[in-house]
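S.K.: Sequence and predicted structure, then a few things I'm wondering about:
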2 protein chains.
Amino acid sequence: MTSVAEAMELIKRGADEILLEEGLVKKLERGKPLRIKAGFDPTAPDLHLGHTVLINKLRQFQELGHEVMFLIGDFTAMIGDPTGKSATRPPLTRDEVLENAKTYEHQVFKILDAEKTDVFFNSSWMGGMSAADMIGLAAKHTVARMLERDDFNKRYKGGQSISVHEFLYPLVQGYDSVAMKADVELGGTDQKFNLLVGRQLQETYGQEPQVCLTMPILEGLDGVQKMSKSLNNYIGITDTPDDMFGKIMSISDDLMWRYFELLSFKSMKEINDLRQQVEQGLNPRDAKVQLAMELVGRFHTPQDAERANESFVARFRKGAMPDDMPELELTAGEGMPIANLLKEAGLVSSTSEAMRMIKQGAVKIDGERVEDKGLVMQAGTTHIYQVGKRRFARVTLA
Amino acid sequence: MTSVAEAMELIKRGADEILLEEGLVKKLERGKPLRIKAGFDPTAPDLHLGHTVLINKLRQFQELGHEVMFLIGDFTAMIGDPTGKSATRPPLTRDEVLENAKTYEHQVFKILDAEKTDVFFNSSWMGGMSAADMIGLAAKHTVARMLERDDFNKRYKGGQSISVHEFLYPLVQGYDSVAMKADVELGGTDQKFNLLVGRQLQETYGQEPQVCLTMPILEGLDGVQKMSKSLNNYIGITDTPDDMFGKIMSISDDLMWRYFELLSFKSMKEINDLRQQVEQGLNPRDAKVQLAMELVGRFHTPQDAERANESFVARFRKGAMPDDMPELELTAGEGMPIANLLKEAGLVSSTSEAMRMIKQGAVKIDGERVEDKGLVMQAGTTHIYQVGKRRFARVTLA
């Protein structure tokens, strides 16, 4: 049996903010399973590790014996973009939603226990809501408070248009908490406002207000910008074992500890022990291998992780990759040709030398030989570049 | 057959603004009956002459052969006050709405031709609208434009709260124009913003935008503040013939011409002729009698008007009321005792004289003897006060 103090310690791991902590303690002290809500957008079912930060937190609640409610926000997704401005956001059909939901579950249940997870669709209650009910819901919040939300505030002051319906979405999301009788809602730090709307609406509807727990946004491979597909600094959870392994091995040592805290299932005690070992002389690369093995093992199999490790070592020829290598950040602009990159990183003396080395098959990116002399590297990427046997650099393109 | 120019002249009579005039000309030139919309709140079925300004304009459209659509805004009335702040605005039931609508029709058809008037209830289309449709509708307008509405702007800047649902009501009202395919919408000047929302929504929904015609707010008996029940400066259309007659006779000569323009069915030519006669020596009181006779005749019968006239004359003893009398405005505060009022109006030299005169039965208000020495007159009223046979004053309490 876990004590409330122990539970709180686990829950607070990596969390950004808990509103209010004393409320959570009170709920935990009752000793009954809590209803833990987290909402997901069904339009983007391709998850990367950034998304799993939240899901890992759900898993911890599950381990503590609480009831995890995985909410698919299909109601608004089926409305699409009602302003008609974005041709790229067509409304989803019910079939598409169900298909996306399955993809979601398939990915998420690599972290969560499917048996202990309830999947909800907010169309179940929002679909039957009338315009009159929507007006009643809108009456529960003021324009001034909506305009306090960071992004609304900036857009309003900056003269950028906000459609009236955008004020309704936080209310819909908040009402989901009422419909689901959530005790705790999890979200990214960017969701804090919306989580608080849920808290407030529950009080209006006579429920005990939910505790809002925000998780930080995970940095991408560059260690600076948030992990995102469009910045191409992400590790997709459907990446191949080799890709995933190689990408994790490419991150800086600092970022590694951040990833350990937010992504590993090791306890903080184990992680701190490992950190101490590194301080006492363990090669940080060995710690990184442990992280890579754990994550590849989670999203593929332990055997896949083993094989990825072997193949990684083979690619870099055992012992050939230095423990320490120069780390650089370069500005890519619209993309940087490989030859220029090698020159700016100091790995070659001229672009013509770069061309020659590529032709000879002596240039590798993350251990993979470069064949294309015209290759252009994109901003937001981090890779280990290698020329010949001894010249290495970890380069981030900004 | 009326020409477009003649029609425009009639339509413009007393109107505050027409947006856009050229749009109206274009619509009229097609020679087909136009769909004329005006919305009414079913919570206040007790009409006064202020309300009839708009209805008279509808009547003119009817005379020109257009189709009048009398909209009862029952949808929002049945929602009530969803903020729960006002205990005095409970939602109306369907039965109450229907009952109020009947009262409305009974009153309104003293002005409009019932045969040529279609009565609509916006619950017919709004009642079936889903929350998703409401969100779609809300997407058609921006927060910034809503905050441009005068009252919203003032409240936002003044730190007074605006509930989010208040942004939805103008959209509902505007959508009514879409559902009704209105060619023209009439409203008070305070409705201009909402009428324009209707215009904009029709364009969004692919309809020709409605022309917005605003009518001024009618001044009450004091000639200064708007006619309203709460200011007690109104003439109710269910007032008794004697009350109605007496109240009209109490207004100033200036206000009389305003009432002629906005309330009389006489043509502007007839009114201008009458005005000329007054300028050439006709007693303005005789013109006022014509107005009083017309209005009492409209809301009661011509015979009632005849009797009210006779009784008015008898009360003031034929010839006893001077053609000209002092007009005064006094500040009533929480109400002014009759004795003080008579003193301040210069009709008596002291409150004790006032008391004595009342006791002797020598004080009259609008020709009616005052029995109660403790009578307190309220702000917002205008009456003719008489002491003895010769002392008169028309006093407005502000």
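M.R.: Sure, I can see it.
S.K.: Run through the residues that contact residue A:253.
M.R.: Residues near residue A:253 by Cβ atoms under 8 Å, 6 or more residues apart in numbering or on different chains: A:278, A:284, A:288. (Glycine included, C-beta is placed from N, CA and C.)
S.K.: Pull out the buried residues from those residues.
M.R.: For those, a neighbour count by 16 or more other Cβ atoms under 10 Å in any protein chain shown gives the buried set as A:278, A:284, A:288.
S.K.: Which of these fall in helices?
M.R.: Among the buried ones among the contacts of residue A:253, the residues falling in helices (DSSP state H) are A:278, A:284, A:288.
S.K.: now, among the buried ones among the contacts of residue A:253, which is nearest to chain B?
M.R.: Chain B lies nearest to residue A:288 out of the buried ones among the contacts of residue A:253, by Cβ to the nearest Cβ, at 46.9 Å.
S.K.: Around chain B, which positions in the stretch 201-350 of chain A sit nearby?
M.R.: Selection of the stretch 201-350 of chain A residues close to chain B by Cβ under 8 Å from any Cβ of the partner chain yields an empty set.
S.K.: how about a cut-off of 10 Å?
M.R.: residue A:204 (Cβ under 10 Å from any Cβ of the partner chain).
S.K.: Point out where the stretch 201-350 of chain A drops to low pLDDT.
M.R.: Applying pLDDT under 70 to the stretch 201-350 of chain A flags the ranges A:317-324.
S.K.: Could you pull up the mean pLDDT of stretch A:128-140?
M.R.: Averaging pLDDT along stretch A:128-140 gives 92.
S.K.: So it, near chain B or not?
M.R.: Yes: for stretch A:128-140, a contact with chain B is found by Cβ under 10 Å from any Cβ, at A:128-140.
S.K.: what sits against residue A:54?
M.R.: A:38-40, A:111, A:186-188, A:191, A:213-215, A:218, A:262 (Cβ atoms under 10 Å, 6 or more residues apart in numbering or on different chains).
S.K.: same thing but at 7 Å, please
M.R.: The neighbourhood of residue A:54, defined by Cβ atoms under 7 Å, 6 or more residues apart in numbering or on different chains, consists of A:38, A:186, A:188, A:215.
S.K.: In helices, which of the residues of stretch A:128-140 next to chain B fall?
M.R.: Among the residues of stretch A:128-140 next to chain B, DSSP H puts A:131, A:132, A:133, A:134, A:135, A:136, A:137, A:138 in helices.
S.K.: Identify the residue nearest the most centrally placed residue in chain A in space, chain neighbours excluded?
M.R.: Against the mean C-alpha coordinate of chain A, by Cα atoms, centre = their mean, the closest residue is residue A:50 at 1.2 Å. Nearest non-adjacent residue to residue A:50, counting by Cβ to Cβ, 6 or more residues apart in numbering or on different chains: residue A:227, 3.6 Å away.
S.K.: and that neighbour, how far is that from residue A:294?
M.R.: To residue A:294, residue A:227 is 18 Å away according to Cβ to Cβ, to the nearest Å.
S.K.: Show me which of those two is the more surrounded one.
M.R.: A direct count of neighbours by other Cβ atoms under 10 Å in any protein chain shown for residue A:227 and residue A:294 places residue A:227 higher, at 20 against 17.
S.K.: Now distance to residue B:106 too, for the contacts of residue A:253, in a markdown table please.
M.R.: Formatted as a markdown table, the contacts of residue A:253 follow (distance: Cβ to Cβ, whole Å):
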| residue | distance to residue B:106 |
| --- | --- |
| A:278 | 89 |
| A:284 | 88 |
| A:288 | 85 |
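S.K.: mind checking the SS state of the residue nearest to the centre of chain A?
M.R.: Secondary structure, DSSP: H, G, I helix; E, B strand; the rest coil: residue A:50 is helix.
S.K.: Report the contact partners of it.
M.R.: If you count contacts by Cβ under 7 Å, 6+ apart, residue A:50 has them with A:217, A:218, A:226, A:227, A:234.
S.K.: what comes up buried for stretch A:173-185?
M.R.: A:173, A:174, A:175, A:176, A:177, A:178, A:180, A:182, A:183, A:184, A:185.
S.K.: Please apply the same query to stretch A:118-130.
M.R.: Under the neighbour-count criterion of 16+ other Cβ under 10 Å, stretch A:118-130 has A:119, A:120, A:121, A:122, A:123, A:125, A:126, A:129, A:130 buried.
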